[in-house]
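**Student:** sequence plus the predicted model coming up.
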Number of protein chains: 4
Amino acid sequence: MTVTTWHRVKFFDTDTMGVVHHSNYIRWFETGRVEFLRELGLTLTEFMDDGILFPIVEVAAKFHAPAKFDDELEIVTTAEALTRAKMKFNYVIRRRGEQKILAEGTSTNVFTCDGKICRLPEKFFTRLERGLQ
Amino acid sequence: MTVTTWHRVKFFDTDTMGVVHHSNYIRWFETGRVEFLRELGLTLTEFMDDGILFPIVEVAAKFHAPAKFDDELEIVTTAEALTRAKMKFNYVIRRRGEQKILAEGTSTNVFTCDGKICRLPEKFFTRLERGLQ
Amino acid sequence: MTVTTWHRVKFFDTDTMGVVHHSNYIRWFETGRVEFLRELGLTLTEFMDDGILFPIVEVAAKFHAPAKFDDELEIVTTAEALTRAKMKFNYVIRRRGEQKILAEGTSTNVFTCDGKICRLPEKFFTRLERGLQ
Amino acid sequence: MTVTTWHRVKFFDTDTMGVVHHSNYIRWFETGRVEFLRELGLTLTEFMDDGILFPIVEVAAKFHAPAKFDDELEIVTTAEALTRAKMKFNYVIRRRGEQKILAEGTSTNVFTCDGKICRLPEKFFTRLERGLQ
């Protein structure tokens, strides 16, 4: 499953170099992840209601070309791997309608139950699993 | 009581205009407020441990001149008013060692106990009161 | 003219209190302002190409109730006043589909030409003027 | 050369989980990098005056344990590699006075002269080189 979402670059996303500050792509990866889960019918709120959180333990990103103020960005999110202990997502960011990749990266999260690392309960696992197909 | 704290402007604080994005001054007002309370021997954590929060209900700011990347800013915080229901702070931001005011403003917060607006318990009130002298 | 735009609250928009950090509403006022101008056929990029900038000289906001993660917010922007020297906008933020106002405020900007305060050139003034009707 | 700098965690650095949002560590890596360069007598402003920028082309981070509001963090920056085409830095973030690593990572930047990838001019290269000793 691949989920696409969009972000219009804001003035406060840019820096003195006149381009998007690189840290913001890491934030937009999260936007992609949240929309990916929503597409599976899952919201972080629902996980949190069961005491389950998704702390990110690893991120990596490559920045190929800069986005600028007012660019409309397309964030394409794919689930790369899922076990009961962790989940890995892949992200590709382009300017809407262009082929050139501006930024790409991955994130890995573990699952915690009431603050401790745990094995993801079955009911969530089966739903997340559909995202890998 | 007047409390001074400092912030070195970061690249991610600036925008495409080559200056600090105005929303950041509102954040630095908070930095000033937290340091003001610390000077009184109070930390937000201590309030939170008692279920007391400080939600901001009003802010206002004037921006006179822009700060830039790597500027060292001086944030001067004064308590303007305190009742058991609310507190008002005043902030002035300058470049370190300069007289010219770059930004100034105020914030007003109420007090909440376990999520509801409440009258601030005596033990905190008497300590905050010292900040008005 | 009134222009409505939307923002889905991100995880990074929230803080330890479990609600949106108040400084973000100031950022979303800007989002409203940019969309208001776009509705008039104006982009900040177009102004910048003519060396014209819109530095904010004053903001004020009242926060009535907190927004939370994943809330879909509606940002309603109105132009309150326009002269050749300044422009004032008004903003109201609600949860989509609700009447209750979460936050509201105003911003005032001046116009600068090549870095100096200036009187807004006619071609831009007449277009902005349409926004007050 | 190893350069240490500090950051007190702000309320706006945290999120609904009650911990620092992971994207902020990427920002603090930059804080470390800027202070590392300052220790070498170099400021980004000086590079920018010569038309030289440092766009980040790659970042990677691991998050081992969360930082919380008001924690005082120590950011330790080391230069890992330098060629005339790129530079790689390594970062380790701990709570002040503790051994446990909260977050660690790397960044790689290229050099651009007037917007194009370039070989770093000698005068900057020799100064940066001292940072690898």
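**Tutor:** That came through, no problem. Bear in mind that the values here come from a model prediction, so they are computed numbers and not experimental data.

**Student:** rest of the way, CA atoms for contacts and neighbours
**Tutor:** OK.

**Student:** near chain B, which residues of chain A?
**Tutor:** Counting by C-alpha under 8 Å from any C-alpha of the partner chain, the positions of chain A adjacent to chain B are A:11-19, A:21, A:69.

**Student:** how about a cut-off of 7 Å?
**Tutor:** A:11-12, A:14-19, A:21 (C-alpha under 7 Å from any C-alpha of the partner chain).

**Student:** can you tell me the closest non-neighbouring residue to A:F89?
**Tutor:** Leaving aside its sequence neighbours, A:F89 sits nearest to A:A79 (C-alpha to C-alpha, 6 or more residues apart in numbering or on different chains; 4.5 Å).

**Student:** sorry, back to before: out of the residues of chain A next to chain B, who's nearest C:F54?
**Tutor:** Checking these against C:F54 with C-alpha to C-alpha, the nearest one is A:F11 at 11.8 Å.

**Student:** now that closest one: how far from chain D?
**Tutor:** Counting by C-alpha to the nearest C-alpha, to the nearest Å, the separation of A:F11 from chain D is 17 Å.

**Student:** per-residue pLDDT of that residue, please?
**Tutor:** Note on A:F11: pLDDT of 95.

**Student:** how far away is it from B:I26?
**Tutor:** Per C-alpha to C-alpha, to the nearest Å, A:F11 is found 16 Å from B:I26.

**Student:** can you verify A:M87 is assigned to a strand?
**Tutor:** Yes. When DSSP: H, G, I helix; E, B strand; the rest coil is applied, A:M87 is found to be in a strand.

**Student:** could you give the bridge partners of it?
**Tutor:** A:L82, A:N109 (DSSP bridges).

**Student:** how many other residues sit next to it?
**Tutor:** Neighbour count for A:M87, taken as other C-alpha atoms under 10 Å in any protein chain shown: 18.

**Student:** tell me the secondary structure at A:A103.
**Tutor:** strand.

**Student:** which one is it nearest to, not counting chain neighbours?
**Tutor:** Nearest non-adjacent residue to A:A103 (C-alpha to C-alpha, 6+ apart): A:F63, at 4.4 Å.

**Student:** tally of neighbours for that neighbour?
**Tutor:** There are 20 residues near A:F63, going by other C-alpha under 10 Å.

**Student:** tell me the contacts of it?
**Tutor:** A:102-104, D:56-58 (C-alpha atoms under 7 Å, 6 or more residues apart in numbering or on different chains).

**Student:** do you know the pLDDT at the closest residue to A:D13 other than its chain neighbours?
**Tutor:** Using C-alpha to C-alpha, 6+ apart and skipping residues adjacent in sequence, the residue nearest A:D13 is A:V20, 5.5 Å away. pLDDT for A:V20: 98.

**Student:** identify the residues contacting A:V20.
**Tutor:** Applying C-alpha under 7 Å, 6+ apart, the residues contacting A:V20 are A:13-14, A:66-68.

**Student:** look at the residue nearest to A:F89 and give its secondary structure.
**Tutor:** Once three-state DSSP is applied, A:A79 turns out strand.

**Student:** could you pull out the strands for chain A?
**Tutor:** For chain A, strands defined by DSSP state E occupy the ranges A:2-8, A:52-53, A:56-63, A:72-82, A:86-95, A:101-110, A:112-113, A:116-117.

**Student:** tabulate the ones you listed (TSV), appending mean pLDDT and distance to A:R130.
**Tutor:** Converted to TSV, the strands of chain A look like this (pLDDT from 0 to 100; distance: least, C-alpha to C-alpha, whole Å):
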stretch	mean pLDDT	distance to A:R130
strand A:2-8	98	11
strand A:52-53	92	19
strand A:56-63	98	21
strand A:72-82	98	10
strand A:86-95	98	13
strand A:101-110	98	17
strand A:112-113	93	21
strand A:116-117	92	23
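
**Student:** out of the ones you listed, which comes closest to B:R84?
**Tutor:** strand A:52-53 (36.8 Å).

**Student:** just give me the longest helix of chain A.
**Tutor:** In chain A, with assignment by DSSP state H, the single longest helix is helix A:23-39.

**Student:** for it, what is the distance to the chain centroid?
**Tutor:** How far helix A:23-39 lies from its chain's middle: 3 Å, per C-alpha atoms, centre = their mean, to the nearest Å.

**Student:** model confidence at A:T43, what's the number?
**Tutor:** Confidence score, pLDDT, at A:T43: 88.

**Student:** ok, back up a step: ok, and the most crowded of the contacts of A:V20?
**Tutor:** A:T14 (27 neighbours).

**Student:** who touches the residue located most distally from the centre of chain A in this structure?
**Tutor:** Most distant from the centre of chain A: A:T16, at 26.1 Å, with distances by C-alpha atoms, centre = their mean. Neighbouring residues of A:T16 by C-alpha under 7 Å, 6+ apart: B:11, B:14-19.

**Student:** could you find the closest non-adjacent residue to it?
**Tutor:** Once chain neighbours are set aside, the closest to A:T16 by C-alpha to C-alpha, 6+ apart is B:G18, at 4.2 Å.
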